[in-house]
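Visitor: Pasting a predicted model and its sequence here:
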Amino acid sequence: MVYPLLLTLHLFAALVFIGTVFFEVLFLENIRRQLPAKVMLLLEQGVGRRARALMPGVLLVLFGAGLGMVWLRYLPVLEHPLASSFGTLLSLKILLAFSVLGHFLVALFLLRSERMTARYQHFIHYSVFTHMVLIVLLAKWMFYLSW
């Protein structure tokens, strides 16, 4: 009964996180060209404040549930990750997930130290976006690809 609960929590947290990243990259970047700079700044500040308030909890649930799922079901597979396609793809997915966490921590550090620039923000958003697309694909491929 614990595993389905962890899976559900993991999926909902992933929806929130991925949805936020997709919104920022696919919507806000396009909207930027259509709004006056002052309005866009206010919009970005509002979205940023909300994301900074929400994302630590979302990431805690996402990673906590993910680690719980690994502990309950996938630890034996990860002991020899290259022994199966599932183990290899799961390992890659976990590696990408921790890379996303690293991006998030770097972004927090840059924000708190007031060194975040538009260039860093753009790079981090697009890098995390790419990571998220790959993670979603790997999450499906783990169950359908084999070699």
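Guide: The structure has been received and is ready for your questions.

Visitor: and Gly102, how many residues sit next to it?
Guide: Other residues lying near Gly102 total 11 when counted by other CB atoms under 10 Å. Any C-beta I mention is one placed from the backbone N, CA and C, and that applies to glycine too.

Visitor: Can you say which helix or strand has it in it?
Guide: helix 85-112 (DSSP states H and E).

Visitor: Which parts of this structure are helices?
Guide: Using DSSP state H, the helices of the chain run over residues 2-22, 29-31, 37-69, 75-79, 85-112, 118-144.

Visitor: returning to what we had before: ok and the helix holding Gly102 relative to helix 37-69, angle-wise?
Guide: Computed with axes from the mean of the first three to the mean of the last three CA atoms, to 10 degrees, the direction of helix 85-112 lies at 140 degrees from that of helix 37-69.

Visitor: Helix 85-112 - what's its average pLDDT?
Guide: Helix 85-112 shows a mean pLDDT of 96.

Visitor: quick revisit: where among the helices of the chain is average confidence lowest?
Guide: Minimum mean pLDDT among those: helix 29-31, a mean of 89.

Visitor: Give the buried residues for that one.
Guide: Within helix 29-31, no residue counts as buried by 16 or more other CB atoms under 10 Å.

Visitor: Wait, Val47 touches Glu24, no?
Guide: Yes: applying CB atoms under 8 Å as the test, Val47 and Glu24 come out as touching, 7.0 Å apart.
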